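Student: I'll drop the sequence and a predicted model, then ask my questions.
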Amino acid sequence: MELRQLKYFCKTADSLNFSEAAKSLFVTQSTLSQQIKQLETELGVQLFQRNSHGVALTEMGLELLPYAKSTLSKAESCIEHIRDVQNLMTGTLNIGVTYTFSPTLNETLLTFMKRYPDVKLNIYNKTMEELMSMLEKRDVDIVLSFKPTQAYGRIESHILFDNHLDVVVNKNHELATCKSIDLTKLQQYKIALPGKGLQARNQFDIIVANKGYEFDCPIELNEVNILLKIVSHSDFVTILSEATIYGEQNLVAVPIDAPGTQMEGCVHVLKDSYRKCSAIEFVKLLCESESIKKKAFNWLHSS
């Protein structure tokens, strides 16, 4: 049994499509099929049920999958550990960032790239649910987002800074001088909301659920940068985390006078997994950046 065969098996099991799996692995479909067939022959079992309707895992395939993923994870951890022990600080760092968290990263990204030019950075901007799935599959090394409302069994979350959901307006808006805003008053204004699935929107929907509010919302966007531009040059208000407008000179964040607006900025990692030195260093630099309070936690030093 080879690690390559387990990798091919896991990729096919995730997609349940030989053509798609082969494409993502940069091999031909015949090569993929041959390697999986050899694995089935060595184990003496059938791992996939193939028919005209598609591909499905057999009972034996379902049993093998978690062990295969665990083996590949340990092998990858071994490689990364040796690289880090050699203090090369090379390789790749895959970071998942939610849309509303990403504006806080600019300073850290520039500092990290200047300090560690041999580390390739891959940044993935997606919803929290998508990123958590990628983290569980080890497609990313860390995820940066606000604290999720649901628990993820295989993932541990560490708070980096305190934050909260705010009403965001341009600095000339009549609400810009308010100390806080009641949700009842917010019904008087046109709102450009972040799209469903974004953390700020999810949190807002929880806060207003079953409260009977009627908001005037003619537009929703899942692109935060465009949303900020619209609010910056109009009388629209929006609902975002305070951290989202860091560095935006024309915007003001006003606290919402309602319970449940707390949104802690967190880094999420897989439980009991090896942490790359590059990932730890990136989070340290993030904690030292101007956009985030200097508050590094002990977990960064444990590996």
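Tutor: Now that the structure is in, tell me what you want to look at.
Student: Setting aside sequence neighbours, what's the nearest residue to residue 155?
Tutor: residue 268 (5.3 Å; C-beta to C-beta, 6 or more residues apart in numbering). For every residue, glycine as well, the C-beta is placed using N, CA and C.
Student: residues in contact with that neighbour?
Tutor: Residues touching residue 268, when contacts are defined by C-beta atoms under 8 Å, 6 or more residues apart in numbering, comprise 131, 132, 135, 142, 143, 144, 145, 152, 155, 156, 157, 158.
Student: One more pass at 10 Å, please.
Tutor: Under the criterion of C-beta atoms under 10 Å, 6 or more residues apart in numbering, the neighbours of residue 268 are 96, 128, 131-132, 135, 140, 142-145, 147-148, 152, 155-158.
Student: Buried among those residues? Need that as a selection in PyMOL.
Tutor: Provided next is the PyMOL selection string for whichever of those are buried by 16 or more other C-beta atoms under 10 Å:
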select buried, resi 96+128+131+132+135+140+142+143+144+145+147+148+152+155+157+158
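Student: Which of the contacts of residue 268 fall within helices?
Tutor: 128, 131, 132, 135 (DSSP state H).
Student: how close does the last one sit to residue 268?
Tutor: For residue 135, the distance to residue 268 (C-beta to C-beta, to the nearest Å) stands at 6 Å.
Student: got any residues that touch both of those two?
Tutor: Residues touching both residue 135 and residue 268 (C-beta under 10 Å, 6+ apart): 96, 142, 143, 152, 155.
Student: Please tell me the pLDDT value assigned to the closest residue to residue 126 other than its chain neighbours.
Tutor: Nearest non-adjacent residue to residue 126, counting by C-beta to C-beta, 6+ apart: residue 96, 6.6 Å away. Here, the pLDDT recorded for residue 96 equals 96.
Student: going forward, begin numbering at 270 instead of 1
Tutor: All right, first residue 270 from here; so that's residue 365.
Student: what's across from residue 365 in the sheet?
Tutor: Beta-bridge partners recorded for residue 365 (DSSP bridges): residue 393, residue 412.
Student: ok, it touching residue 410?
Tutor: Yes: with the criterion set as C-beta atoms under 10 Å, residue 365 and residue 410 qualify as a contacting pair; they are 8.5 Å apart.
Student: Could you tell me which residues touch both of these two?
Tutor: Common neighbours of residue 365 and residue 410, using C-beta under 10 Å, 6+ apart, are 391, 403, 404.
Student: ok, of the residues you listed, which one's closest to residue 431?
Tutor: When those are compared for distance to residue 431, the smallest value, 22.8 Å, is given by residue 404; criterion: C-beta to C-beta.
Student: my read: the closest one touches residue 342, true?
Tutor: No: assessed by C-beta under 10 Å, residue 404 is found out of contact with residue 342, at 11.8 Å.
Student: which neighbours do these two share?
Tutor: Shared contacts of residue 404 and residue 342 (C-beta under 10 Å, 6+ apart): 539, 542.
Student: where does the protein have its least confident helix or strand?
Tutor: Taking all helices and strands of the chain together, the one with the lowest average confidence (mean pLDDT, DSSP states H and E) is helix 328-354, at a mean of 84.
Student: roughly how far is that helix from the heart of the chain?
Tutor: The chain centroid and the centroid of helix 328-354 are separated by 21 Å under C-alpha atoms, centre = their mean, to the nearest Å.
Student: Could you pull out the buried residues of it?
Tutor: Applying a neighbour-count criterion of 16+ other C-beta under 10 Å, one finds 330, 333, 334, 337, 338, 340, 341, 342, 349, 352, 353 buried in helix 328-354.
Student: For the first one, give its distance to residue 477.
Tutor: Distance of residue 330 to residue 477, computed by C-beta to C-beta: 45 Å.
Student: host element of residue 438?
Tutor: strand 434-439 (DSSP states H and E).
Student: And the average pLDDT for that strand is what?
Tutor: For strand 434-439, the per-residue pLDDT averages 95.
Student: Can you tell me the strand partners of that strand and which way each runs?
Tutor: Strand pairing for strand 434-439, using DSSP bridges, gives strand 507-510 (antiparallel), strand 520-524 (antiparallel).
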